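Visitor: structure of the sequence below:
(one chain, ligands or ions: 1)
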Amino acid sequence: MTNDVLIIGGGIIGLACGVELRLRGANVTVLCRDFTAAASHAAAGMLAPDAENIPNEAMLALCRRSRNLYLDWTQKLVQLTTEKDLNNTGYWSCGILAPVYQQAEDTGDKTAYWLDKDAINQYQPGLGTDVVGGWWYPEDGQVDNRALIKVLRTAADSLGVVFQDGITVEAIPQQQGKVIGVQTNTGLFRADHYLVAAGAWANQFLPLPVRPRKGQMLSLRVPDFLTELPLTRVLFGENIYIVPRRDRSIIIGATSEDVGFAADNTPGGIQSLLQSAIRLYPQLENYPIQELWWGFRPATPDELPILGHSHCDNLTFATGHYRNGILLAPITATLIADLICKQKADPLLANFHYSRFSAVSSTTTPMLIHATPATNGNRHPEISDLIVPDSPLIIAGKSFKSRLMTGTGKYRNIQEMQQSVTASGCQIVTVAVRRVQTNAPGHEGLAEALDWSKIWMLPNTAGCQTAEEAIRVARLGREMAKLLGQEDNNFVKLEVIPDAKYLLPDPIGTLQAAEQLVREGFAVLPYINADPMLAKRLEEVGCATVMPLAAPIGSGQGLKTTANIQIIIENAHIPVVVDAGIGAPSEAAEAMELGADALLINSAIALAENAPAMAYAMNLATVAGRMAYLAGRMPMKNYASASSPLTGTITG
Ligand code: GLY
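Guide: From the prediction side, this is the model:
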């Protein structure tokens, strides 16, 4: 089957783009995993760029442009539907009132008007007695998102957009910088162009940094004895919003929870919503509860959407809309259709390009570098207080402060392993999937041994001799990370090692496995010999890092491949992690001084006489090497140069 445009994702963004592309003449197919699970159904439908206090200028501009399109867009959609009774999206330019409990300073925002206690109570009677005033945002409003999505879906049907529900994307095969199809549970789909609009699920098939942020919600009904609606504008409080609909329901939202795709409403979540809602508008206490639900916002690390071109010519992104998917639907559809149909890129799109998450460290926002503290309290104040501008280590869009990764193998006992992991200050620990599966010594009880809510697991394919084996084990690794609560962990450290004596990785098998795993949406961190050409090829196929070895695994021989590692660092646009062979902290520091982005050290820590102490030393050495790299070493000279120069000294 060939279509002009294949859209992955059947929520509001996928459908809005689908309709717009169809109107511009494209044949459109929308693949949807589960229509009912889309965040679009769970939302409250606020159109609130002003009330949401969006700090990013480009985002605010995007949101305001979208809000300004809303009236015309919703009317157009209603006209497009052939179903006569679907004539209303509940669009309501009702304004938003943001009551406060403490006198607020005027921020100079021209879209907000301050109302004092009397004024706000006249405008909206019945507010909590501790409300001292509030802001009025007359340009904000709301839409009934559930009604809207119905209209949108029927408009899409009426236009001939093909919508297929229950389709799970398994992989997006790519060749030479182009998507060649979309592999799903029901077969392969091909198109000329592909659009990813899969919300919180986007990173299940592409290494995009989009993660679910759960929101719990509920609705009440205005009691029958009230003839008039008591609320006619949105109330936007602290951590709470109350959205009254014209159909007498009142939507209350929302929690914001970083719990992966954990389903269900919880008593704690609903209690906090009700408490805040009743404080803001006390008479809600007696209104009947109508419905409880939850949904998953697609959150990105900077809370901005990912819009526009991708790493492939024929693949476009429109995902990660976080709290503003409903609001941003019309502008997203317009800009994406312009991009796909006319190759016209609105200047605003540059702010939302996916590459902001894969930039190498020198181009990202500075942060302060410091030795990650070890729990024994022996932290050097002089080191921790030194201020050198640095950026976090970013791998596949995920940020890490520590540049040292460790492992769990070869320790004498589990306590030593735990203490060493803590002392190393690492945030990434690699785990051999095979050894966990076979309960190899030291790998029992791993789930409980480390705090996986703080440590990011890097499953590795150690023990795999072929690409096929490594691919299979990588998939198991993803399941393992899920079982530990890391639902969105798609990282894999790829090791394909056919030779048992030198434990050298197979470059061809590694490249083959990497290609397949990238297609399946893994963030692939391949372990390789320090071969600059191979490193380049792996980067080209979409690996998240390269991990060249310093010397054979477990040999502790130190940096034997410096010249090649230097070339790899010079040419890489992805992080370079020096892995294997480092035996002492001086070597760790040296690798970091060369400009490596991070290190992976296991044996040198686990086999030290005092493993936790060595872990701490490696922690300090990694930080020291990084600081030295950023500080820039002095040039080497052939001859001595006095420490107390004579130039400029007072003589005579
Ligand atoms: N837009 C409101 C929310 O995401 O809760």
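
Visitor: quick one: stretch 62-70 to chain centroid distance?
Guide: In terms of CA atoms, centre = their mean, to the nearest Å, the centre of stretch 62-70 is set 24 Å apart from its chain centre.

Visitor: tell me where the stretch 451-600 of the chain has strands.
Guide: For the stretch 451-600 of the chain, strands defined by DSSP state E, counting those that start in this stretch occupy the ranges 456-460, 491-494, 523-528, 547-548, 577-579, 598-600.

Visitor: for those, which one sits closest to Ile568?
Guide: Minimum separation from Ile568 across the strands of the stretch 451-600 of the chain (CB to CB) falls at strand 547-548, 5.5 Å. In this view, the C-beta of every residue, glycine as well, is placed from N, C-alpha and C.

Visitor: what about Asp109, how many neighbours?
Guide: Around Asp109 there are 12 other residues, counting by other CB atoms under 10 Å.

Visitor: report the contact partners of Ile7.
Guide: Ile7 sits next to 14, 17-18, 21, 28-31, 194-195, 197 when contact means CB atoms under 8 Å, 6 or more residues apart in numbering.

Visitor: look up how far Gln164 lies from it.
Guide: Going from Ile7 to Gln164 by CB to CB, to the nearest Å gives 10 Å.

Visitor: shared neighbours, these two?
Guide: 29-31.

Visitor: most neighbours, which of those residues?
Guide: Val30 (28 neighbours).

Visitor: hey, what's that residue bridged with?
Guide: As for beta bridges, Val30 partners with Ile7, Phe163 under DSSP bridges.

Visitor: pretty sure it sits against Ala156.
Guide: Yes: Val30 is within contact range of Ala156, at 7.1 Å (criterion: CB atoms under 8 Å).

Visitor: what count of nearby residues applies to the residue in the stretch 501-650 of the chain that the ligand sits nearest to?
Guide: Using CB to the nearest ligand atom, the closest approach of the stretch 501-650 of the chain to the ligand is made by Gly521 at 25.2 Å. Neighbour count of Gly521, defined by other CB under 10 Å: 20.

Visitor: how about Asp313?
Guide: 12.

Visitor: tell me the confidence at it?
Guide: Looking at Asp313, its pLDDT reads 91.

Visitor: how about the contacts made by it?
Guide: Asp313 is in contact with 177-178, counting by CB under 8 Å, 6+ apart.

Visitor: let's see it at 6 Å
Guide: The contact partners of Asp313, by CB atoms under 6 Å, 6 or more residues apart in numbering, come to Lys178.

Visitor: ok, back up a step: got the shared contacts of Ile7 and Gln164 as CSV, with distance to the ligand and pLDDT columns?
Guide: Shown next, in CSV, are these (distance: CB to the nearest ligand atom, whole Å; pLDDT from 0 to 100):
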residue, distance to the ligand, pLDDT
Thr29, 29, 97
Val30, 23, 98
Leu31, 25, 98
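
Visitor: which of the contacts of Ile7 fall in strands?
Guide: 28-31, 194-195 (DSSP state E).

Visitor: ok, so of the residues you listed, who is nearest Leu80?
Guide: For the ones in strands among the contacts of Ile7, the nearest to Leu80 is Val28 (13.6 Å; CB to CB).

Visitor: that closest one: neighbouring residues, count only.
Guide: Val28 has 28 neighbours, counted by other CB under 10 Å.

Visitor: begin at 681 from now on, thanks
Guide: Sure, I'll start counting at 681 from here, so that last one is Val708.

Visitor: that one contacts Phe843, correct?
Guide: No: using CB atoms under 6 Å as the test, Val708 is too far from Phe843 to be in contact (9.1 Å).

Visitor: quick check: nearest residue in space to the residue of the stretch 1081-1230 of the chain found nearest the ligand, chain neighbours excluded?
Guide: Nearest residue of the stretch 1081-1230 of the chain to the ligand: Asp1168, at 18.3 Å (CB to the nearest ligand atom). Using CB to CB, 6 or more residues apart in numbering and skipping residues adjacent in sequence, the residue nearest Asp1168 is Arg891, 4.8 Å away.

Visitor: check the one you found and give its pLDDT.
Guide: pLDDT, Arg891: 93.

Visitor: who does it form a beta bridge with?
Guide: In this entry, Arg891 is beta-bridged to Ala979, by DSSP bridges.

Visitor: run a quick neighbour tally on it.
Guide: 23.

Visitor: Asn883 versus that one, what's the distance?
Guide: Look at Arg891 and Asn883: by CB to CB, they are 7 Å apart.

Visitor: kindly report the same for Lys894.
Guide: 16 Å.

Visitor: again with Gly940
Guide: For Gly940 relative to Asn883 (CB to CB), the value is 12 Å.

Visitor: ok, now Pro962?
Guide: 42 Å.

Visitor: so between those two, which is more surrounded?
Guide: Higher neighbour count among Pro962 and Asn883: Asn883, with 24 against 13, using other CB under 10 Å.
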